[in-house]
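[1] Predicted coordinates and the sequence they were generated for:
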Amino acid sequence: MPPIDPRAVVGPLAPPGCPSCRDRRRLWKDTSDSGRAPETWHWWCSGCRQTFEPTPQHKRFYM
């Protein structure tokens, strides 16, 4: 069997965990400001109620 090409691997299905919460709650994709452009969104944590800017990799996987 040939080796798996890492570029062909599908992105993660679950959103990332909150970097600020001790229990690493999952972040929510907040698109409330996306009326301007579809790529205008941010992560929101329901635990600590902070917003986080998505990384370029997150924007590719979760677009």
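    Yep, it's here. Small disclaimer: the values here were computed from a predicted structure and weren't measured.

[2] pLDDT weak spots in this structure?
    Counting by pLDDT under 70, the chain has low-confidence residues at 1-13, 34-38.

[3] so where do the strands sit in it?
    Shown for the chain, the strands assigned by DSSP state E span residues 28-30, 42-44, 51-52.

[4] Next, count neighbours for residue 45.
    20 (other C-beta atoms under 10 Å). C-beta coordinates here come from the backbone N, C-alpha and C atoms, glycine included.

[5] Distance-wise, check the closest residue to it other than its chain neighbours relative to residue 62.
    Sequence neighbours aside, residue 18 is the residue nearest to residue 45 in space, at 4.2 Å (criterion: C-beta to C-beta, 6 or more residues apart in numbering). Remark: distance between residue 18 and residue 62 (C-beta to C-beta, to the nearest Å) = 15 Å.

[6] which one of the two has more residues nearby?
    Legend: neighbour count by other C-beta under 10 Å for residue 18 and residue 62, higher for residue 18 (21 against 15).

[7] isn't that one right up against residue 44?
    No - judged on C-beta atoms under 8 Å, residue 18 makes no contact with residue 44 at a distance of 9.4 Å.

[8] What is the burial count for the closest residue to residue 58 other than its chain neighbours?
    Spatial nearest neighbour of residue 58, excluding adjacent residues (C-beta to C-beta, 6+ apart): residue 16 at 7.1 Å. Neighbourhood size, residue 16 [other C-beta under 10 Å]: 17.
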